[in-house]
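1. Pasting the sequence and the predicted model now:
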Amino acid sequence: MKSLHAIAFILVIVGGLNWLLVGLFNLDVVMYLGVALAKIVYVLVGLSAIYLIVTHKKDCKCCDKSVATPAQM
């Protein structure tokens, strides 16, 4: 599961950076892969985001109440 989380995280970062470039420069880097491959990448980025949303509470150290934060020490 750790590798799936890492892959999903990387895909979400790639998607976020692509949207940054679209917003700032109207440059869609993923479309350079071709329309068919770009659609696959967009679907994988979306599925990765859903996966990270669903598994966030379980994997996030910030949201884990059992881990003491420096402010609590």
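-> Thanks, I have it.

2. sec struct for residue 5, please.
-> With DSSP: H, G, I helix; E, B strand; the rest coil as the basis, residue 5 sits in helix.

3. doesn't residue 48 make contact with residue 7?
-> Yes: here residue 7 reaches residue 48: they are 7.3 Å apart, a contact under CB atoms under 8 Å. In this view, the C-beta of every residue, glycine as well, is placed from N, C-alpha and C.

4. For these two, indicate the residue with more neighbours.
-> residue 48 (21 against 13; other CB atoms under 10 Å).

5. I'd like the distance between residue 24 and residue 43.
-> Going from residue 24 to residue 43 by CB to CB, to the nearest Å gives 24 Å.

6. ditto for residue 50
-> From residue 50 over to residue 43 the distance is 11 Å, taken as CB to CB.

7. low-confidence ranges in this protein?
-> For the chain, the stretches with pLDDT under 70 are 59, 64-73.

8. Now the spatially most central residue of the chain: which helix or strand?
-> With distances taken as CA atoms, centre = their mean, the residue of the chain nearest its centroid is residue 12 (2.1 Å). For residue 12, the element it lies in under DSSP states H and E is helix 2-25.

9. So the residue nearest to the centre of the chain is in contact with residue 52, correct?
-> Yes: assessed by CB under 8 Å, residue 12 is found in contact with residue 52 at 6.1 Å.

10. and the helix holding residue 12, how far out from the chain's middle?
-> When distances are taken as CA atoms, centre = their mean, to the nearest Å, helix 2-25 is centred 5 Å away from the chain's centroid.
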